[in-house]
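[1] Please find the sequence and the predicted model below.
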Number of protein chains: 4
Amino acid sequence: MEVLRYTPSSSVLVTGFEPFGGSGLNPSAEVAQALHGRALGAEATVVGVVLPCAFGDALQALAEALRQHRPRLVLALGQAEGRTDLSIERVALNVDDARIPDNRGRQPVDEPVVPGAPAACFSTLPIKAMVAGLKAAGHPASISQTAGTFVCNHVFYGLQHALAGSGVRSGFMHVPLLPQQAAQAPGLSLPSMTLAQQVAGVQEALRIALQWEGEGADLRRPGGALN
Amino acid sequence: MEVLRYTPSSSVLVTGFEPFGGSGLNPSAEVAQALHGRALGAEATVVGVVLPCAFGDALQALAEALRQHRPRLVLALGQAEGRTDLSIERVALNVDDARIPDNRGRQPVDEPVVPGAPAACFSTLPIKAMVAGLKAAGHPASISQTAGTFVCNHVFYGLQHALAGSGVRSGFMHVPLLPQQAAQAPGLSLPSMTLAQQVAGVQEALRIALQWEGEGADLRRPGGALN
Amino acid sequence: MEVLRYTPSSSVLVTGFEPFGGSGLNPSAEVAQALHGRALGAEATVVGVVLPCAFGDALQALAEALRQHRPRLVLALGQAEGRTDLSIERVALNVDDARIPDNRGRQPVDEPVVPGAPAACFSTLPIKAMVAGLKAAGHPASISQTAGTFVCNHVFYGLQHALAGSGVRSGFMHVPLLPQQAAQAPGLSLPSMTLAQQVAGVQEALRIALQWEGEGADLRRPGGALN
Amino acid sequence: MEVLRYTPSSSVLVTGFEPFGGSGLNPSAEVAQALHGRALGAEATVVGVVLPCAFGDALQALAEALRQHRPRLVLALGQAEGRTDLSIERVALNVDDARIPDNRGRQPVDEPVVPGAPAACFSTLPIKAMVAGLKAAGHPASISQTAGTFVCNHVFYGLQHALAGSGVRSGFMHVPLLPQQAAQAPGLSLPSMTLAQQVAGVQEALRIALQWEGEGADLRRPGGALN
């Protein structure tokens, strides 16, 4: 994925993924579609795009969306079975290591997302301000120190690499399962969050991110992990 | 708490608890109040009652509600921090063992709820049918093998003891935190469920329970735990 | 299983289970065998017995061991995948509800262990003193409010029913997986405890239980759960 | 911390940390001290060093140990409350974000470990071979995608930065609490591992690492996370 430079439009790009892993739903796609076309204040409008859940193909679709919409802000979303809240990722790793095949049957192990590129890229979103603002507004949220090593991390790394140094802030948020997905898991009690709550939370997160314009601007609050 | 006998009315009693443990909210009270007055089919109407979160006092308030409303069905609700779904309890234990003081400052340790009464009472609700029906309707739900040993179990045991052999089916459901409660927990990522989802789920659970009239009637499906 | 009355010998009965659920090992059997023949002070000697992991058969083997050894104290052990410490059970339920078939292919659902008997039996061991003493000696330990509804609970209930009112104290402890079992679980990070640590902990637990002779004698310390 | 170049000795450096967070023990220090002086085959001997649990100071002590011992292999260890197994870290992040103060009272938030250096460094140990070999030998082990953002990650990043491109393989392993630490945690059931098991596991891990000489050599097996 090549590094991009463009003059930003008023678009805010929100991506989700098509369903994978045996489910017929993916909350990240539902949220992206629900927010598509929604105005964020006077100056920004959401463009929602659904990416294939496949290594490589997902980044091609992302690159096309970036070129077409020239967004001023990007938030990629992904489903995280087992997570309880709006989980804002701190860092993308330059590695694909798939426990299961993706939707095209590919299962890369310990391959770089972008050969020769740095080991990791930090989120350029104001992640601490987003967590603090979400919690103040009643949305469960936290910083996550790992986005895994599957297609979510793959897209996150590709996104950060493409926009590195561009001045366009971008990052990734994992969202919980939808209640109807958790209801179908046999013999497990998995956490979930309603679509309405997810949509409201993501919209609030975008609103906060737009308020914290300026590269590197963020609240300075602990959000780390001891291990 | 004495054993009760009465001719049932059309009321379905749903109880919740006042807030405790430092929170200003308790989802069980919110659900009970939201459902108060709601018709369940042609023949049943919900009476929602909020109980004090205190050993002894809670059972007094429950006994008063039972005498006043002579319900045909009772579902007591309680908040369960850390649980992810609508968690239908199988059994109430005849023991109070409090890790923290209740709202009146009492902290009983290894005392019986009802001295001289049996060690435990099973739920008389169709708990397997309720879990199956809730899941089929998209509500995350499961059987729980323990209601703990705090005020929730205290009320559950008192309820089952009071209605033992009466033909009135009764039981207990633990519900997750509300999102705004989970958002306030410092440094923890706790599961939550929106009030709308909880209200819809509890109403569906009541509807199923009313369909399975007749003592002991239930689906026969595994819902146990290995340990 | 009938209620037993006998004049106790100096034996302390420790039971474990044969392997189940696909594993070739069961720590509870290993501990029972390791402690077999060991003297506990001047007046007590461990008899270790391995029970089949099968509904019904396990209780037959237990009844035979009780009749043969007339133990003065009984501690039944069982394996608990996912648990981290020496987990002393508070209560046995009069219900079998199996998620998986037992070693003879039986899978009872919502059947009583002993038809017509009480819903539950409390442990008659000094469970609070055992937890406090184990922790003071450096052994991770806790009270558990549920022994599940599989063969472990089945044996626990049968044991408590057989010795109810006999003056012989008895109860159940769940133990973690052995490290080599956890090492074989694909893709999961399960807690474990070495056999040496388990053997030392169970021996210490027996030593404490023997010190607290006298029905109902125990420390009075909180050991409950909020939910 | 400057980049180091040296001709390796036969030493294998294993570091641990002094106790922190209110505990009087730290398993990582105990393991490092237990292995100190132990021969690994004919050609390698362990040097065990205990580092202060303090940002900055820990890296100074590490740099001194590297200069003094010129190790051919380095494994830094750290305590991970809540983890169940030998948890081999994949990647170190160039960020300090402390939830609690370190042992000198410092609590950096979102500061780089090494200003101007890359966002992350991957472990250069054969982490997949180590996990596979440990599990085959009966030691619970797994790949971890995050070492947190406290002093453990700080030392891990500093280590990888100092030896980047040197040909000396290095990395980090988190180890569980010791049983006596878990026994002291009030009201929690934390996983633990005995010191003997930890020492044997770390020694086996070092043995495997020494067998896989040659930069980048490793097994190619899935060890990632979906999220």
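    Nice, I can see it. Here the structure is a predicted model, which is why all the values come from computation and not from measurement. Residues are numbered from 1 along each chain as shown, chains lettered A, B, ... in the order given.

[2] Following element in sequence after the one helix or strand A:F172 maps to, please.
    For A:F172, the host element (DSSP states H and E) is strand A:169-175. Next helix or strand after strand A:169-175 toward the C-terminus (DSSP H and E): helix A:179-184.

[3] residues making contact with that following helix?
    A:23, A:25, A:27, A:189-194, B:84-85, B:134-141, B:193, B:197 (C-beta atoms under 8 Å, 6 or more residues apart in numbering or on different chains). Where C-beta positions appear, they are placed from N, C-alpha and C, glycine not excepted.

[4] ok, back up a step: in terms of secondary structure, what does the strand holding A:F172 contact?
    Packing partners of strand A:169-175 (3 or more C-beta pairs under 8 Å, 6 or more residues apart in numbering or on different chains; DSSP states H and E): helix A:27-35, strand A:73-79, strand A:86-89, helix A:151-163, helix A:195-211.

[5] ok so, going back, which of the contacts of helix A:179-184 fall in strands?
    Cross-referencing the contacts of helix A:179-184 against strands under DSSP state E gives B:A141.

[6] coming back round to it: show me what counts as buried in the strand holding A:F172.
    Neighbour-count burial for strand A:169-175 flags A:169-175 (criterion: 16 or more other C-beta atoms under 10 Å in any protein chain shown).

[7] so which of those residues comes closest to B:G223?
    A:V175 (28.8 Å; C-beta to C-beta).

[8] Chain D: which of the buried residues of strand A:169-175 is nearest?
    A:H174 (5.6 Å; C-beta to the nearest C-beta).

[9] which residues touch the closest residue to A:G133 other than its chain neighbours?
    Distances taken as C-beta to C-beta, 6 or more residues apart in numbering or on different chains place A:I208 nearest to A:G133, at 4.2 Å, with adjacent residues excluded. By C-beta under 8 Å, 6+ apart, the contact set of A:I208 is A:126, A:129-130, A:133-134.

[10] Residues of chain A that sit close to chain C?
    A:99, A:187 (C-beta under 8 Å from any C-beta of the partner chain).

[11] Residue numbers of chain A in contact with chain B?
    So far as C-beta under 8 Å from any C-beta goes, chain A lies against chain B at A:83-85, A:87, A:134-142, A:179-180, A:182-184, A:189-194, A:196-197.

[12] Now, of those, which are buried?
    A:83-85, A:87, A:134-135, A:137-142, A:179-180, A:182-184, A:189-194, A:197.

[13] rewinding a little: so which of the buried residues of strand A:169-175 is the closest to C:Q60?
    Set against C:Q60, the nearest of these by C-beta to C-beta is A:H174 (51.3 Å).

[14] tell me the contacts of that closest one?
    Going by C-beta under 8 Å, 6+ apart, the list of residues near A:H174 reads A:77-80, A:83, A:86-87, A:89, A:144, A:147, A:152, D:227.

[15] Spatially nearest residue to it (excluding sequence neighbours)?
    A:A80 (3.7 Å).

[16] I'd guessed the one you found sits against A:F172; true?
    No. Counting by C-beta atoms under 8 Å, A:A80 does not reach A:F172; the two are 10.5 Å apart.

[17] what residues are shared contacts of the two?
    Common contacts of A:A80 and A:F172 (C-beta under 8 Å, 6+ apart): A:C152.

[18] Burial check on A:G105, number of neighbours?
    Around A:G105 there are 7 other residues, counting by other C-beta atoms under 10 Å in any protein chain shown.

[19] and what of the one 4 residues further on?
    By the criterion of other C-beta under 10 Å, A:V109 has 17 neighbours.

[20] and what of A:P71?
    Count around A:P71 with other C-beta under 10 Å applied: 26.

[21] can you redo the helices and strands packed on strand A:169-175 as JSON lines with mean pLDDT?
    Shown next, in JSON lines, are the helices and strands packed on strand A:169-175 (pLDDT from 0 to 100):
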{"stretch": "helix A:27-35", "mean pLDDT": "98"}
{"stretch": "strand A:73-79", "mean pLDDT": "98"}
{"stretch": "strand A:86-89", "mean pLDDT": "98"}
{"stretch": "helix A:151-163", "mean pLDDT": "98"}
{"stretch": "helix A:195-211", "mean pLDDT": "97"}
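
[22] looking at chain A, which residue lies furthest from center?
    A:G187 (28.8 Å; C-alpha atoms, centre = their mean).

[23] Run through the residues that contact that one.
    By C-beta under 8 Å, 6+ apart, the neighbours of A:G187 are C:R99.

[24] any residue of stretch A:82-101 up close to chain D?
    Yes. Residues of stretch A:82-101 contacting chain D under C-beta under 8 Å from any C-beta: A:82-83, A:90-91, A:93, A:95-100.

[25] my guess is A:A61 is in a helix, correct?
    Yes. Secondary structure of A:A61 (DSSP: H, G, I helix; E, B strand; the rest coil): part of a helix.

[26] Excluding chain neighbours, what is closest to A:V131?
    Excluding its sequence neighbours, the residue lying closest to A:V131 (C-beta to C-beta, 6+ apart) is A:A141, at 4.8 Å.

[27] just checking, that neighbour touches A:K128?
    No. Between A:A141 and A:K128 there is no contact under C-beta under 8 Å: 10.7 Å.

[28] Please produce a markdown table containing the contacts of A:I208, extended by pLDDT.
    Formatted as a markdown table, those follow (pLDDT from 0 to 100):
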| residue | pLDDT |
| --- | --- |
| A:P126 | 98 |
| A:A129 | 98 |
| A:M130 | 98 |
| A:G133 | 98 |
| A:L134 | 98 |
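
[29] Chain C: which of the residues you listed is nearest?
    A:L134 (26.2 Å).

[30] thought that closest one was touching A:L206?
    No. Between A:L134 and A:L206 there is no contact under C-beta under 8 Å: 10.9 Å.

[31] What is the burial count for A:Q60?
    A:Q60, neighbours per other C-beta under 10 Å, totals 14.

[32] Contact partners for A:L51?
    A:15-18, A:57-58, A:61-62, A:155.

[33] can you check A:A209 too?
    A:73, A:75, A:125-126, A:129-130, A:169.

[34] residues contacting A:V49?
    If you count contacts by C-beta under 8 Å, 6+ apart, then A:V49 has A:13-16, A:32, A:61-62, A:65 around it.

[35] any chance of those in JSON lines, plus distance to B:R5 and neighbour count?
    Converted to JSON lines, these look like this (distance: C-beta to C-beta, whole Å; neighbours: other C-beta atoms under 10 Å in any protein chain shown):
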{"residue": "A:L13", "distance to B:R5": "66", "neighbour count": "25"}
{"residue": "A:V14", "distance to B:R5": "60", "neighbour count": "28"}
{"residue": "A:T15", "distance to B:R5": "62", "neighbour count": "26"}
{"residue": "A:G16", "distance to B:R5": "57", "neighbour count": "25"}
{"residue": "A:A32", "distance to B:R5": "58", "neighbour count": "26"}
{"residue": "A:A61", "distance to B:R5": "67", "neighbour count": "17"}
{"residue": "A:L62", "distance to B:R5": "68", "neighbour count": "23"}
{"residue": "A:A65", "distance to B:R5": "68", "neighbour count": "20"}
